[in-house]
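Novice: Curious how this folds, go ahead:
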Amino acid sequence: MPRILVLTIPAAALAATSALAQPEGKVGQYSDATVTGAILEPQPRTPDADLSGFRLPPGATASVFAKDLVNPRILAVSAEGTLYATRRSVGDVVMLRDGDGDGQADAPVTVASRPGMHGIAFDGNLVYLVTVNDVYVADVAEDGTFGPLRRIIDDLPDGGQHPNRTLAMGPDGKLYVSVGSTCNACAETNPESATILRTEPDGTSRTIFAGGLRNTIGFDWEPETGQLWGMDHGIDWLGDNEQIEELNRIRQGKQYGWPYVHGMDRFNPQDNPPPGTSLETWAKISEEPALGHTAHAAPMQMAFYDGAMFPEWRGDALVAMRGSWNRRPPSGYELVRIDFQDGKPVGIEPVMTGFLAEGAEGWTHAGRPVGVAVGRDGAVFVSDDTQGVIYRIASEAAPQDRPPAGGPVPNALVPPPPSPLATEVLKAPAGLTVTAPFQPDAPIDPKHAADGDNASPALSWDGAPEGTRSFVIIAEDPDAREPKPFVHWLAYDIPASVTALREGLPTEPSLPDPEGVKQGANAMGSTGYTGPKPPVPDGPHHYHFQVFALDLPSLDLPPAADRAAVLAAMQGHVLAAGTVTGTFDRNQGTLP
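Specialist: Sure thing, here's the model as predicted:
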């Protein structure tokens, strides 16, 4: 029998859908609401031998490509056309070749093993793999096996509630890694949790590409526009119909609301944003989803269809929905297609259903889809991690080879051109004297470095001219590879009465002390201060801590503003500026 439990939770714990309509959203004000949450776990059942229980679009058929795989999760097809599947519980990657062309895989061959292996992506003759904390790269041999694994990242955030990482090589030649949140809804202490990260192919120069993403396991680039899209898992325990699963257009430097705002600017009353930031403000700095899907459906792998077997699907996204446990009736347990028109999503339609059924004994399921990949012949592979099966969806018409790639993806992400330091952009007159815990052009203490304590240095300044009404701090590294300069700290709306900041400030968008101070987005992709972490081969980089006196009491910007917005708001209002510059060299072995 399926497990069914209905809980009614009072105001102090969670909020009901009705209470989400008009919450106050002010600091220190709380919602008073009740939510009814369900735990409903459908009982597994064996699929019909002839797969007649599954429903597909006209002209499509399903067959078993591979079985008895225990726990197949994420799928990927190599450049040569071979299908691979990761097996999280087994801790390996299996190669699944159809050597005789009968539509079924030969015996699986293990090609890599590491505990918690989950994400897989190919880039030519290289394969990238990710576990909870580590990213590996390996060469792909002619026979499809992998060479020795080379670890290029060893310090991804710990997993917590969402340890299943995925990764992909972007059209810009950068590696993208999805890192889920450690919890259902909470204030993360590691800024890299609940994000998509971006690195160089060798794992260096890691930054947060986008944040506020609870668990975006499935993401891919739309072929017509080159834009990045992903489906994010909604928060549990907000009711059967909250939170919707979100389809987001994921853009660099943006944040997507979690954990305080979800859906179309709906507030999550169970968590309050950081002191000094209201729910309304958090909503203003958050991106709304482009489309929503039924709550708790659990979107997993996502792949844009680029085959010829189903021409009506070309340019659309396929998403495996693993299925709910926190909804009555259940949702998900299917493969869906997101219809894109002119590069924009317009609707979501089912492709493969019939996994979920309700009968005399309650709800049952014949599998939970996780992985989806497109074969070279245009067939679609779907993995089920509960029955240990990979299905192949094909057309009743004769299969065709995938059309050859048509050159670079349009609108591929291009790094911004180098920009002068803020003092040069603003043509700021000198006048302020800035003091730091390091001497000018001398080494910065490792405690202020990213690999050290990552604590902001204490700064003080004097010499502000008459008429000063606020200060701004901008710390930049012009020696960085990309972006140039690399922004390490933006702090603005510092009251004119404040001429010093202590060491180790919080990294929240708004500070309670000094009251009113806002912090912007750094080039790492988080807010507040991020310390030096130059590539080891580079030698010393120079870090310019610039302080500006303004004739404005406020820049009239929300928290988490980026460098361009801050500089634009400062134009014509700088009365004086001062800089202190320190150096940091990770090649010196000074870190503990």
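Novice: Do you have the helices of the stretch 151-300 of the chain handy? List them.
Specialist: Assigned by DSSP state H, counting those that start in this stretch, the helices in the stretch 151-300 of the chain fall at 279-284.
Novice: hang on, I meant the chain
Specialist: Ranges of helices within the chain are 279-284, 422-425, 563-570, based on DSSP state H.
Novice: what sits up against the shortest one?
Specialist: So that's helix 422-425. Residues outside helix 422-425 that contact it (CB atoms under 8 Å, 6 or more residues apart in numbering) are 419, 428, 474, 476, 544, 546, 548, 563, 567, 577, 579. Any C-beta I mention is one placed from the backbone N, CA and C, and that applies to glycine too.
Novice: quick one on the thing from earlier: the helices of the chain into JSON lines, with extra columns for mean pLDDT and distance to Ala521?
Specialist: What follows is the helices of the chain, written out as JSON lines (pLDDT from 0 to 100; distance: least, CB to CB, whole Å):
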{"stretch": "helix 279-284", "mean pLDDT": "92", "distance to Ala521": "14"}
{"stretch": "helix 422-425", "mean pLDDT": "97", "distance to Ala521": "14"}
{"stretch": "helix 563-570", "mean pLDDT": "98", "distance to Ala521": "8"}
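Novice: picking up where we left off before, going by distance to Tyr176, which of the contacts of helix 422-425 wins?
Specialist: For these, the minimum distance to Tyr176 (CB to CB) is 22.3 Å, reached by Arg563.
Novice: need the contacts of helix 422-425 in a markdown table with distance to Ala394 and neighbour count, can you?
Specialist: Output for the contacts of helix 422-425, formatted as a markdown table (distance: CB to CB, whole Å; neighbours: other CB atoms under 10 Å):
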| residue | distance to Ala394 | neighbour count |
| --- | --- | --- |
| Ser419 | 51 | 17 |
| Ala428 | 64 | 22 |
| Ile474 | 57 | 28 |
| Glu476 | 54 | 29 |
| His544 | 59 | 19 |
| Gln546 | 61 | 23 |
| Phe548 | 63 | 28 |
| Arg563 | 50 | 22 |
| Leu567 | 55 | 17 |
| Ala577 | 65 | 24 |
| Thr579 | 64 | 21 |
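Novice: Report the contact partners of Arg114.
Specialist: Listed by CB under 8 Å, 6+ apart, the contact partners of Arg114 are 91-92, 129, 131, 134, 136, 149.
Novice: what do you get for Glu224?
Specialist: 315, 340, 342-343, 410.
Novice: Quick one, which of the residues you listed are buried?
Specialist: Buried members of the contacts of Glu224, scored by 16 or more other CB atoms under 10 Å, are 315, 340, 343.
Novice: what's the distance between Ser178 and Ala449?
Specialist: Going from Ser178 to Ala449 by CB to CB, to the nearest Å gives 27 Å.
Novice: Name the residue in the two with the higher neighbour count.
Specialist: Set Ser178 next to Ala449 and count neighbours by other CB atoms under 10 Å: Ser178 wins out with 27 against 21.
Novice: Is the more buried one in contact with Thr166, as I believe?
Specialist: Yes - applying CB atoms under 8 Å, one finds Ser178 in contact with Thr166, separated by 4.8 Å.
Novice: Common neighbours of the two, please.
Specialist: 119, 217, 219.
Novice: Format the residues you listed as JSON lines; extra columns: pLDDT, distance to Val536 and neighbour count.
Specialist: Listed next are the shared contacts of Ser178 and Thr166 as JSON lines, based on pLDDT from 0 to 100; distance: CB to CB, whole Å; neighbours: other CB atoms under 10 Å:
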{"residue": "Gly119", "pLDDT": "98", "distance to Val536": "26", "neighbour count": "23"}
{"residue": "Ile217", "pLDDT": "98", "distance to Val536": "32", "neighbour count": "28"}
{"residue": "Phe219", "pLDDT": "98", "distance to Val536": "30", "neighbour count": "25"}
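Novice: nearest to Pro299, of those?
Specialist: Pro299 lies nearest to Ile217 out of the shared contacts of Ser178 and Thr166, by CB to CB, at 7.1 Å.
Novice: check contacts around the closest one.
Specialist: 164, 166, 178, 180, 231, 233, 299-301.
Novice: Apply 6 Å and report the result again.
Specialist: The contact partners of Ile217, taken as CB atoms under 6 Å, 6 or more residues apart in numbering, are 166, 300.
Novice: what about it, distance to Asp48?
Specialist: Applying CB to CB, the value for Ile217 to Asp48 is 29 Å.
Novice: can I get the contacts of helix 422-425 in a markdown table with distance to Asn454?
Specialist: Compiled in a markdown table, the contacts of helix 422-425 are given as follows (distance: CB to CB, whole Å):
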| residue | distance to Asn454 |
| --- | --- |
| Ser419 | 25 |
| Ala428 | 28 |
| Ile474 | 18 |
| Glu476 | 17 |
| His544 | 19 |
| Gln546 | 20 |
| Phe548 | 24 |
| Arg563 | 20 |
| Leu567 | 25 |
| Ala577 | 26 |
| Thr579 | 22 |
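Novice: Return the closest of those residues with respect to Gly292.
Specialist: Distance to Gly292, by CB to CB, is smallest for Arg563 among these, at 32.1 Å.
Novice: List the residues that contact Ala60.
Specialist: Neighbouring residues of Ala60 by CB under 6 Å, 6+ apart: Ile393.
Novice: Let's see that with 10 Å instead.
Specialist: Residues near Ala60 by CB atoms under 10 Å, 6 or more residues apart in numbering: 54, 309-310, 313, 351-352, 379-380, 393-396.
Novice: who's it bridged to?
Specialist: Ala60 forms beta bridges with Ser395, as assigned by DSSP bridges.
Novice: is it true that Val536 touches Ser205?
Specialist: No - the pair Val536 and Ser205 does not pass the contact test of CB atoms under 10 Å, sitting 11.8 Å apart.
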